[in-house]
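# I need the structure of the sequence given here:
(one chain, ligands or ions: 1)
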Amino acid sequence: MKHAPESSTCGTRGQQAKLGLRRASLILLLLLGCLWCTPAPQAADTDLPPASSGLSSPTPPTATAPVPVPEASPKALRYYRGNMILWGVNTLLGFLIPIVLLATGLSGRFRDGARRVGRRWFFVIAVYFALFSLFLALVQLPLDFYSGYLREHAYGLSNQTLGKWFGDAAKGLLITILVGPLVLWLPYLLLRRAPRSWWLISGLLALPLLILMIFVTPLWIAPLFNDFGPMKDKALEREILSLADRAGIEGSRVFEVNKSVDTKALNAYVTGFRDTKRIVLWDTLIAALDREETLFVMGHEMGHYVLNHVWQLLIVYSCVILLTLYAAHRIAPPILARYGNRFRFTELHDIASLPLLLLFLQATTFVLTPPLNAFSRHLERQCDRFGIEITRNPVAAATAFVKLQQENLGNPRPGWVYRIWLASHPPLGDRIDFCNSYHPWTKDRPLKFESRFRTRKTAP
Ligand SMILES: [Zn+2]
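So this is what the prediction gives:
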């Protein structure tokens, strides 16, 4: 749960290709990363125009020339190529590290140590998981430090101090060590008690667990890494709230997060239910975008919220988990029958099997990432449409994407490997093209989401 540092570069999907375990515990956060959104190079949410120009007297986009897609600078291209290499290395390590843990018997030794210290079943799991997490953190430290700190500073994308980077990394590790056993005990108990149906029960229980994480993360986890304060620009806050009202999101609070201490990347999201509903803007976004661009971004984010994208993604990811567990259920026994002695465990219900389960998760996510990304891009396109329709300001949308590209060193026209395995959002060039072409109201064509908007306010 290395929450903070990762979200700071969420745009650079290359760096998100994290290792198995982290990916496991973070499957949700990654998800949220794409829908809550953000990020950097390609992603991005944008926003729209409000009260005066947007809501009451929309700017006719056709009155303005299309916003050109800027060429990627040589520096941005270097950054992009580096991201691709990092993605390749991280993906490879995601397979390699669990294999090494298994083949050398190291995972079995961790379990032996955990038995000596923990004694009781649950504590054996907890101690094993702590050893395992520490091992992963140490092995990954050099690459994480390079990609999350040194490289980001070298490219001018981060303001984070060394102390904050290590502090966040330590906090993330501690949260992982504390939360992991609370999740893991159940499938391991089921593996013993219900050896035939453990995968089905665990897979079905993943959904409520993911929902709980979505609920808990913004309230209790994210504030451990950054300060969530009231928005300073009260006029903009009023416009955002009135936009939210129009989108059908009432009674939410607006927070400004001091992400500028970590990164120069831009981000915003809408999350929570009922009383915990919140609209969150990174201070970097407020500083980089003008009012209308900010409103488009917020319109996009509100689209994710009102179109229930979180729920759709939760269901999709629960299916991925279910599929992974089923694959492990069917395929792991013959593997253990053959290599169990070398692994130092012969049963899947042994906690030492955790790297094996993670290997399955790594394999299913790698194979399923292209269709999952395609689905995510579809949702993002919906929200770009939503943001443009509610603000009726495609020009601000396009210029917001241009700024995102420049601020985050994005590549507007990435290659096919990126498009297939890394692009959870449409490439920025495609998004700017879409903004330039989407203004149905000028042609008297129906708007896709207009029926969902509350009545347009009249200008004072
Ligand atoms: Zn989005």
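
# Which pLDDT value goes with the residue in the stretch 151-300 of the chain positioned nearest to the ion?
Going by Cβ to the ion, the ion is nearest to H300 of the stretch 151-300 of the chain, at 5.6 Å. For glycine as for every other residue, the C-beta is placed from the backbone atoms N, C-alpha and C. Per-residue pLDDT puts H300 at 96.

# My guess is it contacts R385. True?
No. H300 sits out of contact with R385 when judged by Cβ atoms under 8 Å, with a separation of 9.1 Å.

# Which one of these two is surrounded by more residues?
H300 (31 against 21; other Cβ atoms under 10 Å).

# Any stretches of the protein with poor pLDDT?
Within the chain, the ranges that satisfy pLDDT under 70 run 1-64, 456-460.

# need the strands for it, in chain order.
In the chain, the strands defined using DSSP state E lie at 228-230, 253-257, 268-271, 278-282.

# Now mean neighbour count and distance to I315 too, for those strands, in TSV please.
Compiled in TSV, these are given as follows (neighbours: other Cβ atoms under 10 Å; distance: least, Cβ to Cβ, whole Å):
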stretch	mean neighbour count	distance to I315
strand 228-230	12	28
strand 253-257	20	27
strand 268-271	26	17
strand 278-282	24	23
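
# Including distance to W220, could these go into CSV?
Below are the strands of the chain laid out as CSV (distance: least, Cβ to Cβ, whole Å):
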stretch, distance to W220
strand 228-230, 11
strand 253-257, 14
strand 268-271, 13
strand 278-282, 13
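
# could the ones you listed go into a markdown table alongside distance to the ion?
Converted to a markdown table, the strands of the chain look like this (distance: least, Cβ to the ion, whole Å):
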| stretch | distance to the ion |
| --- | --- |
| strand 228-230 | 20 |
| strand 253-257 | 17 |
| strand 268-271 | 8 |
| strand 278-282 | 13 |
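
# Looking at those, spot the one closest to A374.
The closest of the strands of the chain to A374 is strand 268-271. By Cβ to Cβ, the value is 21.8 Å.

# Give me the distance from the closest one to the chain's centre.
The gap between where strand 268-271 is centred and where its chain is centred comes out at 12 Å by Cα atoms, centre = their mean, to the nearest Å.

# and if you look at stretch 438-456?
30 Å.

# same thing with stretch 288-305?
18 Å.

# got it, and stretch 73-92?
So, by Cα atoms, centre = their mean, the centroid of stretch 73-92 is 19 Å from its chain's centroid.

# Could you do stretch 435-452 as well?
Counting by Cα atoms, centre = their mean, stretch 435-452 comes out at 29 Å from the chain centroid.

# near the ion, which residues of the stretch 351-460 of the chain show up?
When proximity is defined by Cβ under 5 Å from the ion, the stretch 351-460 of the chain lies next to the ion at E380, C383.

# what about 8 Å?
Counting by Cβ under 8 Å from the ion, the stretch 351-460 of the chain comes close to the ion at L379, E380, C383, D384, H425.

# out of these, who has the most neighbours?
H425 (30 neighbours).

# so that one touches S376, yeah?
Yes. H425 is in contact with S376 according to Cβ under 8 Å; the separation is 7.1 Å.

# roughly how far apart are the residue of the stretch 151-300 of the chain closest to the ion and A288?
Separation of H300 from A288 (Cβ to Cβ, to the nearest Å): 15 Å.

# Not including adjacent chain positions, what is the nearest residue to I99?
L359 (6.8 Å; Cβ to Cβ, 6 or more residues apart in numbering).
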